[in-house]
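sequence and predicted structure, then a few things I'm wondering about:
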Amino acid sequence: MIEINEILKAPKNARLELKTTDVAKEFIRKAASISGLDMTSFIMSSAFEKAEEVMEKHRRIEVSEQAYVRALEILNEDTAPTPGLLNLMRGKHGDKSDSGL
């Protein structure tokens with residue numbers, strides 16, 4: 001996981017531009033002030049938090065799809081339970097070296 005404090009303290013060399021309403025800007029400014037952050041840090045920390053959620057959800061779905069494909073491969077083998085099926089059930093679905101294949 002990315003450490004947000006390190007990101008916020010790093011030298012800034014990239015630019016993001018946002019268009020918003022006066023009401024939204026003022027609302028965010030007040031929330032940032034209450035949090036003890038400037039608006040940039042507040043927006044970036046909020047965006048990073050959401051980005052981490054999205055990336056973690058994507059990672060779980062991707063791993064689940066890989067596990068599903070591997071489960072089908074194992075279930076199509078002649079004998080059961082195979083070492084691969086046992087590994088899959090133990091959460092070791094990415095390692096084919098122990099699957100007995």
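Great, that's in hand.

need the longest helix for this protein.
Longest helix in the chain, counting residues (DSSP state H): helix 39-75.

tell me the mean pLDDT for that helix?
For helix 39-75, the mean per-residue pLDDT is 86.

tell me which residues of the helix or strand that it is followed by are tucked away?
Downstream of helix 39-75, the first helix or strand assigned by DSSP states H and E is helix 83-89. Of all the residues in helix 83-89, those buried under the rule 16 or more other Cβ atoms under 10 Å are 84, 85, 87, 88. All C-beta spots, glycine's among them, are computed from the backbone N, C-alpha and C.

next, format these as JSON lines and append pLDDT.
Listed next are the buried residues of helix 83-89 as JSON lines, based on pLDDT from 0 to 100:
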{"residue": "84", "pLDDT": "75"}
{"residue": "85", "pLDDT": "71"}
{"residue": "87", "pLDDT": "82"}
{"residue": "88", "pLDDT": "78"}
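
report the two of the residues you listed separated the most.
Greatest spacing in the buried residues of helix 83-89, by Cβ to Cβ: 85 and 87 (7.3 Å).
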